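Chemist: What follows is a predicted protein model with its sequence.
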Amino acid sequence: MNALANLVVKRSKWVLFGFIALIVASSFWGLQSFGNLKSGGYDNPGAESGVVARALETNFHQHSPDVVLVVDFPGLVDEQASIGVANKLTTDLKANSNVTAVTSYFSLHHPAALKSTDGRAAYFFVNVGSKEPAAATAKQLQADLAGWYHGAKIYLGGPAAVNSAINGSIGKDLAIAESIAVPVTIVLLLFVFGSVIASGLPFLVAAIAVFGSFFCIWVASLMADTSVFGINLVTGLGLGLGIDYALLIVNRFREERAGGKSVADSVHRTVVTAGRTVFFSGLTVALVMVSLAFFPQYFLRSFAVAGVSVVSFAILGALLALPALLTLLGNRVNKWKVVRGDLTPKETGAWEKLSRFVMRRPLPILFVVIVALAGLTSLGKGTSFGLVDDRVLPKSNSVVIASDVMRTRFSGREGSPIEVLLRNPSQNQLLKYTADLSKLEHITRVQSPEGITQNGNLDSGYAPYFSAYAKHGFTRVVAIANIDSRSTAGYHLIKNVRAINTQIHYVKVGGSAAIYTDAMDGITKNLPNALLWLAITTLVLLFLFTGSVLLPIKAVLLNLLSLSATLGFVSWVFLGGHLKWLIGDYQVTGSLDTSTMVLVAVMAFGLSMDYELFLLSRIKEQHDAGQSTTDSVSYGLQHSGRIITAAALVLAVSFFAFVTSGVTIMKLLGLGVAFAILLDATVVRALLVPALMRLFGDANWWAPRWLKAVYVRLGLGH
């Protein structure tokens, strides 16, 4: 850090303007990334369902419909007037240049399954080409055809329509959230930093982090599918880290200036001390974000790319551009004060008194806090996890209304069939398999080259209404269920389908429910590896930062306790339907979105480690200078408690603004991260850490001799 400190002090103008110029130049390519980004990425493409989808497209030229329409006619569907409306609708659908195929109750020889139970509504299925995203076509069809149509009522749903509605709603909601969060954040920063000039410094670090990350996302988008939602993480986390690191650097600079050092010496000392904390903190957060790359969904892997990029550039901005600017500003960093009194951190105060209060009675405080957190954790007992479906949207959304019509007025989910591919089955094997499949709970019918099978009984005289069932050695079997494919029941149904005992050597199960099942399994199966990565990297980095074995273990365990309490809290809210008066209305689906909860956990874990390092850096500095553990903790909390709490408050406000969204996963993300941040920055850092460090005493700094020797040899301690 000495060499870096010398560079930013002696070459401050070159460092500042050269670095900013480099970021501006790279953003020329980075801003082009927006056209390459995609809105999906929730599926596991390498799983069995992905194999089936590709085989169906290659061998049968079939794939699940992108858009599903239900047409509710004034009379019965088989009346001549209804047939005339259906023909007109088919013509209008095919007029869209990106629609490649339209099938319906009418074109598929009037199968009863595609007619509503009251006989007044019928299904239409639309497949979309590759000229433009399916979601864009769904949006256009929604605008052109949904609603009243020649006396009939059209309800438009399906996966593309759901994706279009979710993406469109999130885009609008984020704009609203930012319009609320940005002004509030600016006001909070003015009071947190104490002056107009200082309050603008986080935006310098954030701008560097955001625009630098755009370049990395552009590069990633050229090599693999990349989610557009990574941009949201870049902007949110970029601002958050900008606030964290700028607050830490500016506070230390003010402290050094108050001690009588020159501007140059103050900046040098700030980079050597606070800069080291920023480096280790950022490295820890970056490695935490890497854990998202363990999952097969590019939605989550995109967050890994975005997270590592934004943290890396935030570190560079905080260690290069910000100290260089402080060297040029000097005391002008305190210009245009908005708070009275000295802006220099105080040696004694409320945080110091709180720490000593806690350390005088560590056991009672530990007992009360742990019981309270355990109570929160217990609220998450039996929590069910799922993935996104239409119910994350408000009940009034037209796509949700369409999906509810499909759920309530039809005997099966014809728009989301279970697809089974068999290789070279004998006739007897096929008959037995379809009979066993049709007997499963929730399966309403099974269709194969032999005909329709219901409850084990075959109607071989039924004319198949799919174009092909046997090609290139594959036999295609289609099963229709009467439950939502993206649900816990759909998950267990696919497990039962795959568990059918058969002598057929090649059996692959796909379709919407299987895609959902494989996506869930992709997360749960890779979660242990991600957790192992988190634990190992965190323990190693915290050891390198502190030279202690106990402190890293304590930090990881406290983070897990905090995350468990957060899971319990959000489960109580979203599974119990609570706090709607605070966060707005939402549909209670009985499960939490798995991808969003993974994101909440990883972000909360990373930011918690951020605050842990802020606190430990000052404690360790004083302990290395010869103070007792009790005095070091008291000093460390006094000098970092305000920074941690202020940074957490500003960041929590930014995330809490997401609860204004009408999309449940955005509410979950905003409330989950905000709650976890505030819980960690207050209860954990202010109460649990001082209490535990007081109990452990000198054991806080223990490590085996050989490990201490490694620590010293690396030049990290003495």
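Modeler: The structure has been received and is ready for your questions.
Chemist: List the residues that contact L668.
Modeler: 570, 574, 592-593, 596-597, 600 (CB atoms under 8 Å, 6 or more residues apart in numbering). Bear in mind the C-beta positions are built from the backbone N, C-alpha and C, glycine included.
Chemist: So which of those sit within strands?
Modeler: 592-593 (DSSP state E).
Chemist: Excluding covalently adjacent residues, which one is nearest to Q622?
Modeler: Once flanking residues are discounted, Q622 sits nearest to S632: 4.0 Å by CB to CB, 6 or more residues apart in numbering.
Chemist: Go through the contacts of L668 and name the one nearest K346.
Modeler: Nearest to K346 among the contacts of L668 is V600, at 34.9 Å by CB to CB.
Chemist: Count residues in the vicinity of the closest one, would you?
Modeler: With neighbours defined by other CB atoms under 10 Å, the count for V600 comes to 26.
Chemist: list the contacts for it?
Modeler: 566, 570, 668-669, 672-673, 676.
Chemist: Any figure for the gap between it and S608?
Modeler: Taking CB to CB, to the nearest Å as the measure, V600 falls 12 Å from S608.
Chemist: Number of residues surrounding the residue nearest to Q622?
Modeler: Neighbours of S632 (other CB under 10 Å): 23.
Chemist: so of the contacts of V600, which ones are in helices?
Modeler: 566, 570, 668-669, 672-673, 676 (DSSP state H).
Chemist: Who wins on neighbours among those residues?
Modeler: A676 (29 neighbours).
Chemist: on that earlier part again, looking at the contacts of V600, which is nearest Q429?
Modeler: Of all the contacts of V600, L668 has the smallest distance to Q429: 45.6 Å, by CB to CB.
Chemist: Can you read off the pLDDT for that closest one?
Modeler: At L668, the pLDDT value in this model is 94.
Chemist: what about it, distance to V570?
Modeler: From L668 over to V570 (counting by CB to CB), the distance is 6 Å.
Chemist: Can you give the domain ranges for the protein?
Modeler: As assigned by automatic domain parsing, the chain contains the domains 1-36+194-345, 66-157, 398-517.
Chemist: Can you lay out those domains as CSV showing distance to F545?
Modeler: CSV is the format used below for the domains of the chain (distance: least, CB to CB, whole Å):
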stretch, distance to F545
domain 1-36+194-345, 5
domain 66-157, 45
domain 398-517, 42
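Chemist: Pick the most deeply packed of these.
Modeler: Compared across these, domain 1-36+194-345 shows the largest average neighbour count, a mean of 21 (mean count of other CB atoms under 10 Å).
Chemist: can the contacts of V600 go into CSV with extra columns for distance to V219?
Modeler: Rendered in CSV, the data for the contacts of V600 read as follows (distance: CB to CB, whole Å):
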residue, distance to V219
T566, 34
V570, 34
L668, 30
L669, 26
G672, 30
V673, 27
A676, 31
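Chemist: closest to G194 among the contacts of L668?
Modeler: V600 (32.0 Å).
Chemist: okay, and the common contacts of L668 and V570?
Modeler: Shared contacts of L668 and V570, counting by CB under 8 Å, 6+ apart, come down to 592, 597, 600.
Chemist: so how far is N529 from E414?
Modeler: 38 Å.
Chemist: before we move on, what about R409?
Modeler: 44 Å.
Chemist: one step back: what's the closest of the shared contacts of L668 and V570 to G50?
Modeler: For the shared contacts of L668 and V570, the nearest to G50 is M597 (23.2 Å; CB to CB).
Chemist: That closest one is in contact with G672, isn't it?
Modeler: Yes. Between M597 and G672 a contact is recorded at 7.3 Å, counting by CB atoms under 8 Å.
Chemist: got any residues that touch both of these two?
Modeler: V570.
Chemist: Helix, strand or coil: sort out G41 for me.
Modeler: Using DSSP: H, G, I helix; E, B strand; the rest coil, the structure places G41 in coil.
Chemist: residue contacts, it?
Modeler: 225, 227, 297-302.
Chemist: now it: how far from V9?
Modeler: Taking CB to CB, one finds G41 at 45 Å from V9.
Chemist: dump the residue contacts of the most centrally placed residue in the chain.
Modeler: Centre of the chain computed as the mean C-alpha position; nearest residue by CA atoms, centre = their mean is L599, 3.5 Å away. With contact set as CB under 8 Å, 6+ apart, L599 has these partners: 292, 300, 303, 669.
Chemist: residue ranges of the strands in the stretch 451-600 of the chain, please?
Modeler: 451-454, 457-459, 470-471, 474-481, 507-511, 592-593 (DSSP state E, counting those that start in this stretch).
Chemist: Looking at these, which is nearest to I315?
Modeler: I315 lies closest, by CB to CB, to one member of these: strand 592-593, at 30.7 Å.
Chemist: which strands and helices sit next to the closest one?
Modeler: For strand 592-593, the contact count by 3 or more CB pairs under 8 Å, 6 or more residues apart in numbering; DSSP states H and E identifies strand 385-386, helix 550-576, helix 664-679 as packing neighbours.
Chemist: Can you give the strand pairings for the shortest one, parallel or anti for each?
Modeler: According to DSSP bridges, strand 385-386 forms sheet pairs with strand 592-593 (parallel).
Chemist: So for the strand it pairs with, mean pLDDT?
Modeler: The model assigns strand 592-593 a mean pLDDT of 90.
Chemist: what does it rub up against?
Modeler: 383-388, 392, 570-571, 574-575, 664-665, 668.
Chemist: what do you get for stretch 187-202?
Modeler: Contacts of stretch 187-202 (CB under 8 Å, 6+ apart): 186, 239, 242-243, 245-247, 249-250, 322, 325, 329, 332-339, 343, 646-647, 649-650, 653.
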